[in-house]
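> sequence first, then the predicted structure, then my questions.
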Amino acid sequence: MTDVDTLVKTTLEKLGYPVERLIYTGKAETFITYQIVVGLDTHFSDDESGAEEFTGRIFIPAWIISPLCGAQSGH
């Protein structure tokens, strides 16, 4: 199985803020949390899975996302 937890965390850390799964207990005012809810094998052929599908949630504060979308930051 793909280590999706590491992939999500390292990708989000590129935004430059602390990232933790589920609960952030650090001291930074701005941080990102995420949750991986379920991972399921999909695309079966000859009784073998051809892919994995993951469902989850990511909380990224708006003032991090706004500049990435070209919007004005309200923070």
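Great, that's in hand.

> low-confidence ranges in this protein?
Low-confidence segments of the chain (pLDDT under 70): 1-2, 43, 70-75.

> same thing but 90
1-5, 36-56, 60-75 (pLDDT under 90).

> at which residues are the strands of it located?
In chain order, the chain shows strands spanning 19-21, 32-45, 48-59, with DSSP state E as the criterion.

> how about JSON lines for those, with distance to residue 4 and mean neighbour count added?
Where you see a C-beta, it was placed from the backbone N, CA and C, and this is true even at glycine. Listed next are those as JSON lines, based on distance: least, C-beta to C-beta, whole Å; neighbours: other C-beta atoms under 10 Å:
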{"stretch": "strand 19-21", "distance to residue 4": "11", "mean neighbour count": "16"}
{"stretch": "strand 32-45", "distance to residue 4": "6", "mean neighbour count": "12"}
{"stretch": "strand 48-59", "distance to residue 4": "5", "mean neighbour count": "11"}
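
> in a markdown table: these, plus distance to residue 68.
Output for those, formatted as a markdown table (distance: least, C-beta to C-beta, whole Å):
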| stretch | distance to residue 68 |
| --- | --- |
| strand 19-21 | 16 |
| strand 32-45 | 13 |
| strand 48-59 | 13 |
